[in-house]
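Visitor: what's the 3D shape of this:
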Amino acid sequence: MATIVLTTIVWAGLGLLNQIAYLSSLGSAFDNESETPKNKSSEQTYEKEATLLTKERIYALVPVPSMWKGVAVGNINGAAFRLPIKISIQRSLVDENNPFNVAVSVGNQADIGSALISSALSTRTPYSGRQLTLQYFTIYTGQDGFQAVLSNTHVREGAVGNFFTSPNISSQTAPDIMKEIYKSLGPESFYFLEQTKLVCQTGSDRIRGTLQGNGHSVTGIFATGTVRYSLEFTVVRQ
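Guide: Numbering: from 1, shown residues only. Predicted coordinates:
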């Protein structure tokens, strides 16, 4: 029994270390300044044909590059949260098949409701050193904003790149012998599943939007099913 417990702790710890490394690599790009949103956002639907807009029109609609900051209000597994949010919009990465690259940071990793998403990430293969771009979201542009849909989690490649922090679900559903172990791990990390949607309605100096999706536990083998994550936000250009 001691062997089983130790193995579970090590396995869970490795999962947390992997996520922490990822969070650290992106989190330094943001600080904690914010502005309180004044209006609720409304989700828009953008057809794929909208990507036929010229690049000049897209960049007029969505300034590239640009940084945006504000406050997000949301709910995760019944727990409400209010956290600072930052959105970075940059030119597409090499081999990213999107009109631009989007990265979103909500809160800090330890905060319930915190999240990190990116439309694509660039890395290098360990042996050949070849640059590799992993695209997660597909971005569709419309006349008044854009929508990013998580189309590939890259979980099969072991390269999941979009996470959020939830109350510890595994500690609630684990067998009695494991409950205290999972409680000691604190908040639980989840990765976003396909069809997660970031919807943004753009204005001259602010963006209103929503982020909604389901997630699967990164470290908890007892967190069965999925957890729902949703928020709405307003950010202003910096």
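Visitor: quick one, what contacts the residue positioned nearest the centre of the chain?
Guide: Residue closest to the average C-alpha location in the chain (C-alpha atoms, centre = their mean): I117, at 2.7 Å. Contact analysis of I117 by C-beta atoms under 8 Å, 6 or more residues apart in numbering lists V102, A103, V104, Y136, F137, L150, N162, F192, T196, L198, L211. Yep, even glycine has a C-beta here, placed from its N, CA and C like the rest.
Visitor: Quick check: the gap between N97 and A79.
Guide: Distance, N97 to A79, using C-beta to C-beta, to the nearest Å: 36 Å.
Visitor: ok, now R208?
Guide: As judged by C-beta to C-beta, R208 and A79 stand 23 Å apart.
Visitor: Show me which of these two is the more surrounded one.
Guide: A side-by-side neighbour count of R208 and A79, using other C-beta atoms under 10 Å, places R208 first with 21 against 11.
Visitor: Kindly state the beta-bridge partners for that one.
Guide: Q201, T234 (DSSP bridges).
Visitor: Per-residue pLDDT of it, please?
Guide: At R208, the model reports a pLDDT of 97.
Visitor: Repeat that for the one 10 residues further on.
Guide: V218 is assigned a predicted lDDT (pLDDT) of 90.
Visitor: right, and it touches S189 too?
Guide: Yes: using C-beta atoms under 8 Å, V218 is in contact with S189, at 4.2 Å.
Visitor: out of the two, which sits in the busier spot?
Guide: Counted by other C-beta under 10 Å, V218 and S189 do not tie: S189 has more neighbours, with 26 against 18.
Visitor: Within the helices and strands, which one has the more buried one?
Guide: Assessed by DSSP states H and E, S189 sits inside strand 188-192.
Visitor: What segments of the protein are strands?
Guide: 66-76, 79-90, 101-106, 115-118, 120-124, 131-135, 137-142, 145-150, 163-166, 188-192, 197-202, 206-217, 227-237 (DSSP state E).
Visitor: So which of those strands is nearest K179?
Guide: Closest approach to K179 among the strands of the chain (C-beta to C-beta): strand 188-192, 13.2 Å.
Visitor: who does the closest one touch, helix- and strand-wise?
Guide: Using 3 or more C-beta pairs under 8 Å, 6 or more residues apart in numbering; DSSP states H and E, the elements in contact with strand 188-192 are helix 2-27, strand 163-166, strand 206-217, strand 227-237.
Visitor: Just give me the lowest mean pLDDT stretch among these.
Guide: helix 2-27 (a mean of 38).
Visitor: who's S66 bridged to?
Guide: Beta-bridge pairing of S66, defined through DSSP bridges, involves I89.
Visitor: my read: it touches V235, true?
Guide: No: assessed by C-beta under 8 Å, S66 is found out of contact with V235, at 10.1 Å.
Visitor: possible to save the strands of the chain as CSV with distance to A60?
Guide: Output for those, formatted as CSV (distance: least, C-beta to C-beta, whole Å):
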stretch, distance to A60
strand 66-76, 12
strand 79-90, 13
strand 101-106, 17
strand 115-118, 24
strand 120-124, 22
strand 131-135, 24
strand 137-142, 11
strand 145-150, 13
strand 163-166, 32
strand 188-192, 30
strand 197-202, 10
strand 206-217, 14
strand 227-237, 14
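Visitor: and of the ones you listed, who's closest to E157?
Guide: Nearest of these to E157, taken as C-beta to C-beta: strand 131-135 at 7.6 Å.
Visitor: Extract the C-alpha set from the closest one and format it as PDB.
Guide: The C-alpha atoms that make up strand 131-135 are tabulated as PDB, following Å, rounded to 0.1, in the frame of the first residue of the first chain:
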ATOM      1  CA  GLN A 131      11.800  24.600 -34.700                       C
ATOM      2  CA  LEU A 132       8.300  23.200 -34.200                       C
ATOM      3  CA  THR A 133       5.100  25.200 -34.000                       C
ATOM      4  CA  LEU A 134       2.100  23.600 -32.100                       C
ATOM      5  CA  GLN A 135      -1.200  25.200 -33.100                       C
END
